[in-house]
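> Pasted the sequence and its predicted model underneath.
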Amino acid sequence: MTKLFKNVPLLVGLALAVGLLLFSTTSIIRFTEVGVKTTFGKAGGPEDILDEPGLKWKWPYPIEQITKYDTRIRLVEAQSETQQTADDFQIIVQAFLSYRVRDPLAFFQAFSGAGPRAVDHYRRAENEVMRDLLRSALGETSRFEIGDLFSPDGEGSKLDDLESSVRTLLEEGGESGEALSKYGIEVVAVGIDRIILPEETTSSVIQRMGAVRDRLAERFESEGRSQAQAITAEANSNAEKILAFARRRADEILARGEAEAAPYLADQNINPDLAVFIQNIKLMEEAMSKKFTLIFSTSDFGMQLFDPEILNKTSGRLPIPGSVQDAGLGTGLTGTGGEG
């Protein structure tokens, strides 16, 4: 037991030595990382790219070293820059760029001089390359007028076209600088996240937008009047067609009725009085076959007995219409054929 305790420091030292040896000869590549193996600080070729996750073996530093890059998307924001539009307006534009490391070997060769750590490489790439190229590419703003970027209806804005132009310059290069693909960088997205208008530009833009809205209002009113006139003209035309059809149809019905009545009229013209008498008889038959009401005046002959005031006029004696008493020749009632 005493010998065992005496060997503890030796065992601990041996364990530490093994741990240090493993730490210096191994490296773990996560599934979100890609590594570049260097020998004495230099990468030889594609075989030095470690893109498979897992445990990787290497010679201890400084013989070999593995630099690991995160392959997830990273974000770079450019500082606000004053840009001039095609119609000489000054605007302040702020943009952003999202990217990922697509070619770790090219990225390492371009930025390994910044230091041994991957974070140093990212810092140089973002500060000295990407931000400068993004600010330079924003010069594409000069190809657009202020009205293209700020559309009154919100649908005709060419802000997407500006973002596409900036991204194309970053990916393919051009007069504004080199392509980011040369550095092993893949551009994921480019966006304009803020545009600030100086005070004098704001006033001019508001006036121009007001003029544009006035023109739109005049155009819509003109189109409305034109459509109203077209609708009125079409309604009037349809009405004339309907009336013409109705008149034509009425004339046809009238002509057919006259044609059908012609034989009867010809027969009635042989003896007009007889025709009138027959029509009167038919009228009486049709009238008597139904309930009807006749209205006569009490002043008509024979209707005096129906007068409500007849009792007051005769002091309770009812005259017989047509009698001598009714004529004022006597006061007694007599029969129709008797003497008074």
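The structure has been received and is ready for your questions.
> going forward, measure contacts and count neighbours with C-alpha atoms only.
Fine.
> For the stretch 51-200 of the chain, just list every one of the helices.
104-111, 118-124, 131-137, 146-149, 159-172, 199-268 (DSSP state H, counting those that start in this stretch).
> I'd like to know which elements the second one is packed against.
Going back to what we said before, that points to helix 118-124. Applying 3 or more Cα pairs under 8 Å, 6 or more residues apart in numbering; DSSP states H and E, we find helix 118-124 packed against strand 64-70, helix 104-111.
> And for stretch 169-184, what's in contact with it?
By Cα atoms under 8 Å, 6 or more residues apart in numbering, the surrounding residues in contact with stretch 169-184 are 101-107, 110, 130, 133-134, 136-137, 186-187.
> Check stretch 82-98 too.
So stretch 82-98 is contacted by 73-81, 134, 138-139, 141-146, 187-198, 201 (Cα under 8 Å, 6+ apart).
> What residues sit buried inside stretch 120-134?
Within stretch 120-134, the residues scored as buried using 16 or more other Cα atoms under 10 Å are 121, 122, 124, 125, 126, 130, 131, 132, 133, 134.
> scratch that, stretch 191-201
Buried residues in stretch 191-201 (16+ other Cα under 10 Å): 191, 192, 195, 197, 201.
> what's the distance between the third one and residue 146?
If you measure residue 195 against residue 146 using Cα to Cα, to the nearest Å, the figure is 11 Å.
> Roughly how far does the nearest residue to residue 138 once chain neighbours are set aside sit from residue 89?
Closest residue to residue 138 apart from its sequence neighbours, by Cα to Cα, 6 or more residues apart in numbering: residue 166 at 6.2 Å. From residue 166 across to residue 89, the span is 19 Å (Cα to Cα).
> Same drill for those two, tell me which one is more crowded.
residue 166 (26 against 18; other Cα atoms under 10 Å).
> ok, now which ones touch that one?
So residue 166 contacts 134, 137, 138, 140, 190 (Cα under 8 Å, 6+ apart).
> Farthest-apart pair in those, please.
Greatest spatial distance in those: 140 and 190, 13.1 Å, computed using Cα to Cα.
> More neighbours: the two, which one.
residue 190 (24 against 21).
> returning to that earlier point: I'd like to know which of the helices and strands packed on helix 118-124 lies nearest to residue 301.
Closest among those, using Cα to Cα: strand 64-70, at 127.2 Å.
> In terms of secondary structure, what does that closest one contact?
Going by 3+ Cα pairs under 8 Å, 6+ apart, strand 64-70 lies up against strand 33-39, helix 118-124.
> Report the mean per-residue pLDDT for the last one.
Okay, so that is helix 118-124. What helix 118-124 shows for mean pLDDT is 94.
> Alpha carbons only: can I get that helix in CSV?
What follows is helix 118-124, C-alpha atoms only, in CSV (Å, rounded to 0.1, in the frame of the first residue of the first chain):
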residue,chain,number,x,y,z
ALA,A,118,-10.1,31.5,-36.8
VAL,A,119,-11.7,34.5,-35.1
ASP,A,120,-8.7,36.6,-36.3
HIS,A,121,-9.4,35.5,-39.8
TYR,A,122,-13.1,36.4,-39.6
ARG,A,123,-12.3,39.8,-38.2
ARG,A,124,-9.9,40.7,-41.1
